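Enquirer: coords please:
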Amino acid sequence: MYILIAVISFIPINIYAQSKNPEERISQLEGHVANLESRLKTLDERYNQELLEQRWTEEMRGLIDDVLKESNNNRFQDDSGIYAGNQGGQFFLRSKNGDYRLLINGFSQNWFVVNQQNARPPRGLGDTQLGFETRRARLWFHGNIINEKIGFRLQLETSPPDLGRVFMQEAWGSYQFNDDWKMIFGLAKLPFLREQLTHGWELLAVDRSLTSYFFNLNRQTQFQIQWFGSEYVRLYAALSNGTRRDLTQIPPRGFETIGKDPATLAVTARADWKLFGTWQQQYKNVAWSGTESTAIVGAAINYQLANLDVTESFSIFPGNGDYLSFTVDGAWDYNNWHFAAFGFGAFIRHTNENLQDRDLFGAQVEAAYLFDDTYQPFVRLEWMNPDINGNDDPIFMTFGTNIYFAKQKLKWTTDVLWFFNGDAFNSLQINPFTEPVFIRLYGIDEESGNFGANNMVVFRTQLQVKF
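Expert: Here you go, the predicted model:
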């Protein structure tokens, strides 16, 4: 600015030097001086204004940046110190000090299924069965109260589509004693199968494996202790009423079990060993780019004693026996690859001599590869031994692709199940302690006959939306 003033000053001085009349020179000089003073005042005002505007701009930008940064975590609502917002994809409410916090999550899975089997056993349904279904629609509320050590979870779920009811699927409280010990009390998943402990929105295929359903313990009201005291080992143990339940309850688990439960007591325990890598991959089925190479192996066991005063009244589904089940599993995630293998077993021992004791076994292996953090083709092979005289063991495979538009928040999965060996069976009559397998809910019919003579192919495509 001062260089400009000097240049402007030089012009009138030069003109003054060229004038011959002193009075004229003085008059011209006074005029130019007045003009310079006016211009200098204007420049000073403009410079100060620009400097002020620049300073205000910088301060406003800083303030806006701070507000935007803070809004990623929370949003101040009122003078009482209540915060609300979205953090890591979770909507939340929390107190200013964090002692009270409520997180809200949900997801839905809607699919279209086509089941094709030539010469299907006659039931009037035809060789081709198809339809749309809402497989899962779930909403859950979780967080902490009083302080960060006391947690809770309330989870709502829709029952199978043919019923369309909404029920309380999980309801439990927890206490974090320290970094090593945690207690859970309430209705929750028993710590048993890796495939079933995987969250419903993180499945590899459209649905969980049928073999895992055949050995699943699912949810039950329980007292569970968790131990994380080692860098490489995590332990879980639970006491509950067991897996068999009064079939008149929809859904039955955890409600009105006193005087009705067929088990006097059930003990379930699981251990996971991290060979190397990160615990973040525990029960995961995808290795995103940058994921640390991880290998985790696990084992679990469940044993429950029959309550004969209750089980003797069962007639349709025999369940009046002691039940022992176990599993071993392992998973390895490396450079976008995912590999996993599972083994299952169960022993049913009846006190009623008219009922057959059974030794049940199953296995599955699976592999997947993730391209560009978007496309994940996968394949799975399963085998079940239901211990049925004269029946062949079912063997089948699943292959398909996941398309991740926004990781698990928006995912489209398409797969095909191919049953090429063995016989379909009524799984509840064989293993009344777990989940039904060959039912229409999964796009599969229990009266499908022999798969070796007539292969069954099930096409499934599903959209998942999660928040």
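Enquirer: strands of the stretch 251-400 of the chain, residue ranges please.
Expert: 263-276, 294-306, 321-334, 337-350, 358-369, 375-385, 395-404 (DSSP state E, counting those that start in this stretch).
Enquirer: tell me the angle the second one makes with strand 263-276.
Expert: This points to strand 294-306. If you take axes from the mean of the first three to the mean of the last three Cα atoms, to 10 degrees, strand 294-306 sits at 170 degrees to strand 263-276.
Enquirer: which neighbouring elements make contact with strand 294-306?
Expert: Using 3 or more Cβ pairs under 8 Å, 6 or more residues apart in numbering; DSSP states H and E as the contact criterion, the secondary-structure elements in contact with strand 294-306 are strand 263-276, strand 321-334. Bear in mind the C-beta positions are built from the backbone N, C-alpha and C, glycine included.
Enquirer: alpha carbons only: can I get that strand in PDB?
Expert: Listed in PDB are the C-alpha atoms of strand 294-306, where the atom choice follows Å, rounded to 0.1, in the frame of the first residue of the first chain:
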ATOM      1  CA  THR A 294      -5.900 -63.000  12.000                       C
ATOM      2  CA  ALA A 295      -6.400 -66.700  13.000                       C
ATOM      3  CA  ILE A 296      -8.800 -67.600  15.800                       C
ATOM      4  CA  VAL A 297      -9.800 -71.100  16.900                       C
ATOM      5  CA  GLY A 298     -12.600 -72.000  19.300                       C
ATOM      6  CA  ALA A 299     -14.300 -74.800  21.100                       C
ATOM      7  CA  ALA A 300     -17.600 -75.000  23.100                       C
ATOM      8  CA  ILE A 301     -19.600 -77.600  25.000                       C
ATOM      9  CA  ASN A 302     -23.100 -77.700  26.400                       C
ATOM     10  CA  TYR A 303     -24.600 -80.200  28.800                       C
ATOM     11  CA  GLN A 304     -28.000 -80.300  30.300                       C
ATOM     12  CA  LEU A 305     -29.900 -82.700  32.500                       C
ATOM     13  CA  ALA A 306     -33.500 -83.700  31.700                       C
END
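Enquirer: how far does that strand sit from the chain's center?
Expert: In this view, strand 294-306 has its centroid 21 Å away from the chain centroid, taken as Cα atoms, centre = their mean, to the nearest Å.
Enquirer: that one vs strand 321-334, what angle?
Expert: Using the same axes, to 10 degrees, the direction of strand 294-306 lies 170 degrees away from that of strand 321-334.
Enquirer: buried residues, strand 294-306. List them.
Expert: If you call a residue buried by 16 or more other Cβ atoms under 10 Å, then strand 294-306 has these buried ones: T294, A295, I296, V297, G298, A299, A300, I301, N302, Y303, Q304, A306.
Enquirer: residue contacts, G89?
Expert: Going by Cβ atoms under 8 Å, 6 or more residues apart in numbering, G89 touches K409, K466, F467.
Enquirer: can we see that at 7 Å?
Expert: With contact taken as Cβ atoms under 7 Å, 6 or more residues apart in numbering, G89 is in contact with K409, F467.
Enquirer: on that earlier part again, can I get the strands of the stretch 251-400 of the chain in a markdown table with mean pLDDT and distance to R136?
Expert: Supplementary listing: the strands of the stretch 251-400 of the chain in a markdown table, determined by pLDDT from 0 to 100; distance: least, Cβ to Cβ, whole Å:
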| stretch | mean pLDDT | distance to R136 |
| --- | --- | --- |
| strand 263-276 | 92 | 24 |
| strand 294-306 | 93 | 24 |
| strand 321-334 | 93 | 23 |
| strand 337-350 | 94 | 22 |
| strand 358-369 | 96 | 20 |
| strand 375-385 | 97 | 19 |
| strand 395-404 | 97 | 16 |
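Enquirer: closest to T461 out of those?
Expert: T461 lies closest, by Cβ to Cβ, to one member of the strands of the stretch 251-400 of the chain: strand 395-404, at 8.7 Å.
Enquirer: tell me what that closest one is packed against?
Expert: With contacts defined as 3 or more Cβ pairs under 7 Å, 6 or more residues apart in numbering; DSSP states H and E, the secondary structure elements packing on strand 395-404 are strand 375-385, strand 410-421.
Enquirer: export those strands as a markdown table, with columns for mean neighbour count.
Expert: Compiled in a markdown table, the helices and strands packed on strand 395-404 are given as follows (neighbours: other Cβ atoms under 10 Å):
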| stretch | mean neighbour count |
| --- | --- |
| strand 375-385 | 19 |
| strand 410-421 | 18 |
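Enquirer: low pLDDT regions in the stretch 351-467 of the chain?
Expert: Low-confidence regions of the stretch 351-467 of the chain, defined here as pLDDT under 70, cover residues 439-448.
Enquirer: before we move on, back to that, closest one to T434 among the helices and strands packed on strand 395-404?
Expert: Taking Cβ to Cβ as the criterion, strand 375-385 is the member of those that comes nearest to T434, at 11.7 Å.
Enquirer: reformat the strands of the stretch 251-400 of the chain into CSV and put distance to I150 next to each item.
Expert: Output for the strands of the stretch 251-400 of the chain, formatted as CSV (distance: least, Cβ to Cβ, whole Å):
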stretch, distance to I150
strand 263-276, 24
strand 294-306, 27
strand 321-334, 32
strand 337-350, 35
strand 358-369, 38
strand 375-385, 38
strand 395-404, 35
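Enquirer: of all the ones you listed, which one is nearest E133?
Expert: Distances from E133 to each of the strands of the stretch 251-400 of the chain were compared by Cβ to Cβ, and the smallest falls on strand 395-404, at 17.2 Å.
Enquirer: adding mean neighbour count and distance to G81, write the helices and strands packed on strand 294-306 out as CSV.
Expert: Written out in CSV, the entries for these read as follows (neighbours: other Cβ atoms under 10 Å; distance: least, Cβ to Cβ, whole Å):
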stretch, mean neighbour count, distance to G81
strand 263-276, 18, 39
strand 321-334, 20, 41
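Enquirer: need these in CSV (columns: distance to A367).
Expert: As requested, the helices and strands packed on strand 294-306 are arranged in CSV below (distance: least, Cβ to Cβ, whole Å):
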stretch, distance to A367
strand 263-276, 18
strand 321-334, 10
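Enquirer: S289 is nearest to which of these?
Expert: The stretch from the helices and strands packed on strand 294-306 with the least distance to S289 (Cβ to Cβ) is strand 321-334; that distance is 11.6 Å.
Enquirer: show me where the stretch 101-250 of the chain has helices.
Expert: Taking DSSP state H, counting those that start in this stretch as the criterion, the stretch 101-250 of the chain contains helices spanning 194-197, 210-214.
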